[in-house]
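Novice: Using only what follows, build the 3D model:
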Amino acid sequence: MDRSTDGWISGLIGVVIFSGSLPATRVAVEAFDPLFLTGARATIAGILGLALLLAFRERRPARQDLLPLAIVALGVVVGFPLLTALALQQVTSAHSIVFVGLLPLSTAIFGVIRGGERPSPAFWVFSILGSALVMGFALSQGLSASPMGDGLMLGAIIVCGLGYAEGARLSRRLGGWQVISWALVLSLPVMAVLALVYWPATFADVTLPAWIGLGYVSVFSMLVGFIFWYRGLAQGGIASVGQLQLLQPFFGLALAATLLHETVTPVMLLVTVGVIGCVIGARRFARRALTKALATGAT
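Specialist: Next comes the predicted model:
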């Protein structure tokens, strides 16, 4: 199996894991304050990440890696979880999941800025088309239900794309699980304090589904998924493998419909099918980006 194919397989596993994040967050915020949820999930994952680093006796990151790790932490440990938790208080997970279709474009843009990739013009056509389909859906809803919720989701997509690209760049040198583990450890003191400050007065009313949601986003969304995802981005190319995120709404909508019994409209399905089609076209024109990135990734 060549490096690119292995990267795509790892990336796909990461996307499948991430697809449960928004439905799980939606369930969790029904019982937990968004700020507590953000702090708690990062604290739990940070403790697990620290245990992994100690168990494998990993060396500390070099000084020049600290700022990139901080960017990863701000993007995927703090920014995306907090913004999506706040958004999901105002919109359904089915509605928010469609915005995930913007993640490939956000990741690709930051892949150019931070990862040194140079996708072809045809790649950008497919990537922008997929994003346009997502935004067309949002506009078709009139944004009347919750403009604030949609704004928070857009902000989450931007910071997440930055965290993905920065983490993938570091993974070429440090390794995928090491990057997310160090980012979690770096943010652990702040996130632990956040969890303590917003600690609920009682857990008596917390339902079992809410506990399961907290457990899922803590272990799988914050740690396990990133092990596969960063490995995939590093091996297959940030822009190329990043297009797999267009599949995430499909998996997420299925979970929202089956587990949360949320309504999935025909328009949502059409948008999802459209953005899935875009990943096929974008994949064909992203190979040059991987060659360029691997040539410059160590610099």
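
Novice: tell me the SS of residue 85?
Specialist: When the structure is split into helix, strand and coil by DSSP: H, G, I helix; E, B strand; the rest coil, residue 85 lands in helix.

Novice: swap in residue 60?
Specialist: coil.

Novice: Identify the residues contacting it.
Specialist: With contact taken as C-beta atoms under 8 Å, 6 or more residues apart in numbering, residue 60 is in contact with no other residue. Bear in mind the C-beta positions are built from the backbone N, C-alpha and C, glycine included.

Novice: host element of the spatially closest residue to residue 58 that is not a sequence neighbour?
Specialist: Using C-beta to C-beta, 6 or more residues apart in numbering and skipping residues adjacent in sequence, the residue nearest residue 58 is residue 178, 5.8 Å away. According to DSSP states H and E, residue 178 maps onto helix 176-197.

Novice: Would you mind measuring from residue 85 to residue 201?
Specialist: According to C-beta to C-beta, to the nearest Å, residue 85 stands 19 Å off from residue 201.

Novice: again but with residue 215, I slipped
Specialist: Note on residue 215: its distance to residue 201, by C-beta to C-beta, is 21 Å.

Novice: ok, back up a step: dump the next helix-or-strand element following the helix holding residue 178 to PDB, keeping only the CA atoms.
Specialist: The C-terminal neighbour of helix 176-197 among helices and strands, as given by DSSP H and E, is helix 208-216. Once non-C-alpha atoms are left out, helix 208-216 reads as follows in PDB (Å, rounded to 0.1, in the frame of the first residue of the first chain):
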ATOM      1  CA  LEU A 208     -27.000   8.600  30.700                       C
ATOM      2  CA  PRO A 209     -27.000   9.800  27.100                       C
ATOM      3  CA  ALA A 210     -25.400  13.100  28.200                       C
ATOM      4  CA  TRP A 211     -22.700  11.100  30.000                       C
ATOM      5  CA  ILE A 212     -22.100   9.000  26.900                       C
ATOM      6  CA  GLY A 213     -21.900  12.200  24.800                       C
ATOM      7  CA  LEU A 214     -19.300  13.600  27.200                       C
ATOM      8  CA  GLY A 215     -17.300  10.400  27.100                       C
ATOM      9  CA  TYR A 216     -17.400  10.200  23.300                       C
END
